[in-house]
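**Student:** okay, sequence plus prediction incoming.
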Amino acid sequence: MSKTVLRTILPDPKYNRVDVAKLINRIMERGKKTAAQKIVYGCFDIIEKQTKKNPAEVYEAALINTIPVLEVKSKRVGGATYQVPVEVSKARGLTLALRWITTIANKKKGKPMAQKLATEIISASNKEGDAVKKREDTHRMAEANRAFAHFAR
């Protein structure tokens, strides 16, 4: 089995941060990066107006509050499938957190995406909102299946 080559993602032009660039890439549809940047930077402007804080710090707090530590993976042992709790790597944790924040914001209706994203990031930075709830559910599942931890590789 060959090792997957990881691409290096360049930091975004405005905040010079890789995690913001990854958020832009998650928002991007059909290769329209400029449109995705407008959404994310508009979102950060809304965050700055509403919280009177640096939007990059609010975003970082939201990520810290949504990145999971544990998750469950299915493992077949002797014909039975067990949900085995495993630790989440930093890269996967960031990917999951961004996925949860963007999909939850996308599911809300009636507002522009920048507004929906800003609302979700602000609530996640305050340790509330659906993305943080998703993280708690993931941790709860891992905790409930702790008895199967010995099946982990």
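**Tutor:** Received it, and whenever you're ready, just let me know what you need.
**Student:** next up, the contacts around the most centrally placed residue in the chain.
**Tutor:** Relative to the mean C-alpha position of the chain, the nearest C-alpha, by CA atoms, centre = their mean, is the one of residue 97, at 1.6 Å. Neighbour list for residue 97: 63, 66-68, 131, 135 [criterion: CB atoms under 8 Å, 6 or more residues apart in numbering]. In this view, the C-beta of every residue, glycine as well, is placed from N, C-alpha and C.
**Student:** now the helices for the protein?
**Tutor:** Applying DSSP state H to the chain gives helices spanning 18-27, 33-51, 55-66, 90-107, 113-125, 130-144.
**Student:** and stretch 104-121, what's buried?
**Tutor:** Using 16 or more other CB atoms under 10 Å as the test for burial, stretch 104-121 gives 104-105, 113-121.
**Student:** looking at those residues, spot the one nearest residue 49.
**Tutor:** residue 118 (9.0 Å; CB to CB).
**Student:** from what I see, that closest one and residue 51 are in contact.
**Tutor:** No - using CB atoms under 8 Å, residue 118 is not in contact with residue 51; the gap is 9.4 Å.
**Student:** who wins on neighbours among the contacts of residue 97?
**Tutor:** Most neighbours among the contacts of residue 97, by other CB atoms under 10 Å: residue 66, with 29 neighbours.
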